[in-house]
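Asker: here you go, sequence then predicted model.
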Amino acid sequence: MFGAAPRLAYDRSVEVLVRFRPSGRSVRVPRGTTLLEAAQRAKLPVASACGAEAVCGRCGMRILSGNESVAPQGEAEARVKRRNRVEATDRLACRVAPIGDVEVTARYW
Ligand code: FES
């Protein structure tokens, strides 16, 4: 749909903490790492049928805290969510790369 997750000029030497609920697992990852990649590093299953290409809408995660650490949803992400009936409060984990600490959950965890 719109290719790989955008890789902005993050300082990847800076790490952020991603916490997963309800498991309580957490992982430190370089800035610019997507939530999908972070969950995989934490050995949590992430639904995906498009190879993180922002097409399938299955990787939806809800950000419980740290919303200020993620970019606002763009129109392309909103369109994929509408087409795939993703909850409005969820974000596509393959699109969201936090620049600060966040806590997230997925409906199937
Ligand atoms: S993995 Fe398919 S939309 Fe994110």
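Answerer: Looks like it came in fine.
Asker: residue numbers of the chain in contact with the ligand?
Answerer: By Cβ under 6 Å from any ligand atom, the residues of the chain that approach the ligand are Ser48, Cys50, Ala52, Ala54, Val55, Cys56, Gly57, Arg58, Cys59, Leu92, Cys94. In short, each C-beta sits where N, CA and C put it, glycine included.
Asker: among these, which two are most distant?
Answerer: The largest distance within the residues of the chain next to the ligand, taken as Cβ to Cβ, falls between Ala52 and Gly57 and amounts to 11.9 Å.
Asker: where does the prediction get shaky in this structure?
Answerer: Counting by pLDDT under 70, the chain has low-confidence residues at 1-9.
Asker: for the helix ranked longest in it, name the packing helices and strands.
Answerer: Of all segments of type helix in the chain, defined using DSSP state H, the longest is helix 75-83. Contacts defined by 3 or more Cβ pairs under 8 Å, 6 or more residues apart in numbering; DSSP states H and E place helix 75-83 against strand 90-92.
Asker: touching, Leu92 and Lys81? I think so.
Answerer: Yes: Leu92 lies in contact with Lys81 (Cβ atoms under 8 Å); the separation is 6.9 Å.
Asker: what about those two, which has more around it?
Answerer: More neighbours surround Leu92 than the other of Leu92 and Lys81, with 28 against 20 (other Cβ atoms under 10 Å).
Asker: let's see which of the residues of the chain next to the ligand end up in strands.
Answerer: Leu92 (DSSP state E).
Asker: that older thread, quickly list what's touching both of Leu92 and Lys81.
Answerer: Residues touching both Leu92 and Lys81 by Cβ atoms under 8 Å, 6 or more residues apart in numbering: Gly57, Gly60.
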